[in-house]
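K.L.:
predicted model, plus sequence, below.
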Amino acid sequence: MTLSGLGTTRRDPGTVGRPRHAVEFLQEGRVHERGGCLPEVIDRYATAVAEAERTADDRVLAEALRRLAVVRQRRNESADARALGERSLAVAERLGDRLLAAEALNTLGGLNLTAGALEDARESFRRALELGGTSLELEARVHQNLGIVANIRGDLEEALARYERSLGAYRALGDEHGCALAYHNLGMISADRREFEPASRFFTESYDIGVRAGDVHLQALCLVNHAEVHIARQQFEDARTNAEAALCIFDQLGAGADKAEAYRMIGVVYRETGRATLAESRLRAAIELARGSGALLGEAEACRELAVLYETMGRNQEALALLNAAHRLFRRLDARVDLVHVDGKVADLEGTYLAVVRSWGMSIESSDSYTFGHCERVAQYAVAVAQALGLDEEERTTIELGAYLHDVGKVRVPHEILNKPGPLTREEQDVVRMHPLWGIELLAGVEFPWDIKSIIRWHHEKYDGTGYPDRLRGDEIPVTAQVVGIADVLDALTTTRPYRPALTHAEAVREIARCAHWWSPRVAAAFHDTLSDATVVESTVLRRGPGGLPGSRAA
């Protein structure tokens, strides 16, 4: 979703005997700004700056510089925007005008915010509140911006409180357009809290005011963000209607990043209503538009949605490649211009990642009734051992994902070998032992955010150097691969296979103890402490179930 109103103002500088021509250019710029005509806006504000400089009218100059800074920032001209904002502050301070200085600080706070400098932004906004005195208008906009800071940090309660204070100030002013901006942001925070009924109401109120005020950009933002709420409520036809209307407006305004968001909504609607070809087309368009506009958030979210589509189509490698791309993009955001709670976005993405990996792992097993559920159980056992070892969240995530894909290379092992009801010949054993390398080959084009490939390649290596495929020895074998390896052995021993019946849990534990030299003493001890008791194993599996990654929100 896109936040509205950052750094905007309603202050009328055209009073107290100022040169009419400079004020007129300033006012014309504001009219064009509402209509989204950025070239005309820049022309009017730049002319206002020139006229104010010519007539030495510093009050108009400070205001025109500040407004021009906001518009330059909207065009991603950050260096020019900052220089203009700092000039505005310097002029205001020279005049000793506290309110103009507060306005400039609010704008500079917005520039810091879009650059990801959250502490600098918050400090600028607080200073603006102090200098602004009793100005309700400034208070309304600064609380709105502080709400955005809170939203980025994931503090939805503070964000909600700030937006409500902003709305109260705009209402006291009788500023309908300001109320529209506050309603829009309240709609987004309500949607983030999954309070869809108030979110819909806020977006509708904001849109209606946008129509009356002629603010077409705000209208389109309300439409596209309301579409996302409709999707969450499975109101797909309403979502499509809104997204297509928003697309038309964004197209007229030449707003590429916003067009990408509209295409993403349309693609999700097609995906959720079973029109895969159309969904793929629209989501690919969203990715390309976002990439062309430098909109990292839009590109990341469109990649995630296309990955979900590919997972439903069984195109798992393509899905993982897209999820990896999305993960890299989210990590590059670091709360930059996209104004999102990045950690929350990454948690959602990792939930989707696990769902795709689990689905792929289960699909690999589906042709073999003897091993169906194997990867799920290995993942559960392995995470339990990892926790006993005190491994951190990233390592546990690596182990869980690696466990689901550790046998991916077995898709190349002939069915008659996998299901042979008796001992394998040496040649057949050699074929089976190729599966770690075949797994790496299958995933050669996928760059994971976690070191999953080492688990796939080395989960059959042994600490004494007798494993395969590379005969690694000792601590050459990553602990993540050892953990998955020992969990793999436990499940293999305790499930029926074509060539032998299942062992009891106690028999399997004794066998693993006999072969404890296959793993490091640390890993063997953690296994014994965690999984040697059949009752503990059963409760571990039941407690974990098929849930999400440690610490993540399920997608």
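P.N.:
Received it, and whenever you're ready, just let me know what you need.

K.L.:
any regions of the stretch 101-250 of the chain where pLDDT drops low?
P.N.:
By pLDDT under 70, the low-scoring segments of the stretch 101-250 of the chain are 116.

K.L.:
now do the helices in it.
P.N.:
118-132, 136-152, 156-173, 176-192, 196-213, 216-232, 236-253 (DSSP state H, counting those that start in this stretch).

K.L.:
so which of these gets nearest residue 58?
P.N.:
Closest to residue 58 of those, according to CB to CB: helix 118-132, at 16.9 Å. Placement of C-beta: from N, CA and C, glycine included.

K.L.:
and residue 204, how far is that from residue 502?
P.N.:
60 Å (CB to CB, to the nearest Å).

K.L.:
dump the helices of the stretch 101-250 of the chain to CSV, plus mean neighbour count and distance to residue 419.
P.N.:
Converted to CSV, the helices of the stretch 101-250 of the chain look like this (neighbours: other CB atoms under 10 Å; distance: least, CB to CB, whole Å):
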stretch, mean neighbour count, distance to residue 419
helix 118-132, 18, 57
helix 136-152, 24, 53
helix 156-173, 19, 52
helix 176-192, 24, 49
helix 196-213, 19, 49
helix 216-232, 24, 43
helix 236-253, 19, 43
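
K.L.:
reformat the ones you listed into CSV and put distance to residue 450 next to each item.
P.N.:
What follows is those, written out as CSV (distance: least, CB to CB, whole Å):
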stretch, distance to residue 450
helix 118-132, 27
helix 136-152, 25
helix 156-173, 28
helix 176-192, 27
helix 196-213, 34
helix 216-232, 29
helix 236-253, 34
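
K.L.:
which one of those helices lies nearest to residue 447?
P.N.:
So among the helices of the stretch 101-250 of the chain, helix 136-152 is nearest, using CB to CB, at 27.7 Å.

K.L.:
name the helices or strands packed onto that closest one?
P.N.:
Here helix 136-152 touches helix 98-114, helix 118-132, helix 156-173, helix 176-192, going by 3 or more CB pairs under 8 Å, 6 or more residues apart in numbering; DSSP states H and E.

K.L.:
redo these as a markdown table? Include distance to residue 413.
P.N.:
Shown next, in a markdown table, are the helices and strands packed on helix 136-152 (distance: least, CB to CB, whole Å):
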| stretch | distance to residue 413 |
| --- | --- |
| helix 98-114 | 53 |
| helix 118-132 | 52 |
| helix 156-173 | 49 |
| helix 176-192 | 46 |
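
K.L.:
out of those helices, nearest to residue 312?
P.N.:
Smallest distance to residue 312 across the helices and strands packed on helix 136-152 (CB to CB): 24.1 Å, for helix 176-192.

K.L.:
now the closest one against helix 156-173, angle please.
P.N.:
Interaxial angle of helix 176-192 relative to helix 156-173 (axes from the mean of the first three to the mean of the last three CA atoms, to 10 degrees): 160 degrees.

K.L.:
which helices and strands sit right next to helix 176-192?
P.N.:
Here helix 176-192 touches helix 136-152, helix 156-173, helix 196-213, helix 216-232, going by 3+ CB pairs under 8 Å, 6+ apart.

K.L.:
need these in JSON lines with distance to residue 189, can you?
P.N.:
Compiled in JSON lines, these are given as follows (distance: least, CB to CB, whole Å):
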{"stretch": "helix 136-152", "distance to residue 189": "7"}
{"stretch": "helix 156-173", "distance to residue 189": "5"}
{"stretch": "helix 196-213", "distance to residue 189": "8"}
{"stretch": "helix 216-232", "distance to residue 189": "11"}
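
K.L.:
out of these, which gets nearest to residue 87?
P.N.:
It's helix 136-152; of these, that one is closest to residue 87 (CB to CB) at 19.4 Å.

K.L.:
taking their axis directions, the closest one and helix 118-132 sit at what angle?
P.N.:
Going by the same axes, to 10 degrees, helix 136-152 makes 160 degrees with helix 118-132.

K.L.:
just the CA trace of helix 136-152, in CSV.
P.N.:
This file holds the C-alpha atoms of helix 136-152, laid out as CSV (Å, rounded to 0.1, in the frame of the first residue of the first chain):
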residue,chain,number,x,y,z
LEU,A,136,-3.4,23.3,14.2
GLU,A,137,-2.6,22.9,10.5
LEU,A,138,1.1,22.1,11.1
GLU,A,139,0.2,19.8,14.1
ALA,A,140,-2.2,17.9,11.8
ARG,A,141,0.5,17.2,9.2
VAL,A,142,3.3,16.5,11.7
HIS,A,143,1.3,13.9,13.6
GLN,A,144,0.5,12.3,10.2
ASN,A,145,4.2,12.1,9.4
LEU,A,146,5.0,10.7,12.9
GLY,A,147,2.3,8.1,12.3
ILE,A,148,4.2,7.1,9.1
VAL,A,149,7.4,6.7,11.2
ALA,A,150,5.5,4.5,13.6
ASN,A,151,4.0,2.5,10.8
ILE,A,152,7.5,1.8,9.3
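
K.L.:
what's the spacing between that helix and its chain's center?
P.N.:
Centroid displacement of helix 136-152 relative to its chain, using CA atoms, centre = their mean, to the nearest Å, is 23 Å.

K.L.:
again, but for stretch 71-83
P.N.:
Chain-centre distance of stretch 71-83: 25 Å, with CA atoms, centre = their mean.

K.L.:
try stretch 380-399
P.N.:
With CA atoms, centre = their mean, you get 24 Å for stretch 380-399.

K.L.:
do stretch 162-179 as well
P.N.:
30 Å.

K.L.:
so that it lines up with my notes, have the first residue be 17 from now on.
P.N.:
All right, first residue 17 from here; so that's stretch 178-195.

K.L.:
residue 495: which of the helices and strands packed on helix 152-168 is closest?
P.N.:
helix 134-148 (36.0 Å).

K.L.:
orientation of the closest one relative to helix 114-130 in degrees?
P.N.:
170 degrees.

K.L.:
what helices or strands is helix 134-148 leaning on?
P.N.:
By 3+ CB pairs under 8 Å, 6+ apart, helix 134-148 packs against helix 114-130, helix 152-168.

K.L.:
turn those helices into a markdown table, columns for distance to residue 46.
P.N.:
Rendered in a markdown table, the data for the helices and strands packed on helix 134-148 read as follows (distance: least, CB to CB, whole Å):
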| stretch | distance to residue 46 |
| --- | --- |
| helix 114-130 | 14 |
| helix 152-168 | 14 |
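
K.L.:
what residues are up against residue 190?
P.N.:
Listed by CB atoms under 8 Å, 6 or more residues apart in numbering, the contact set of residue 190 is empty.

K.L.:
before we move on, the earlier item: between the helices of the stretch 117-266 of the chain, which one is nearest to residue 122?
P.N.:
helix 134-148 (4.3 Å).

K.L.:
hmm, who's touching that closest one?
P.N.:
Looking at what lies outside helix 134-148 - CB under 8 Å, 6+ apart - the contacts are 114-115, 117-119, 121-122, 124-126, 128-129, 154-155, 158, 161-162, 165, 168-169, 351.

K.L.:
that one: how far from the chain's middle?
P.N.:
For helix 134-148, the distance to the chain centre is 27 Å (CA atoms, centre = their mean).
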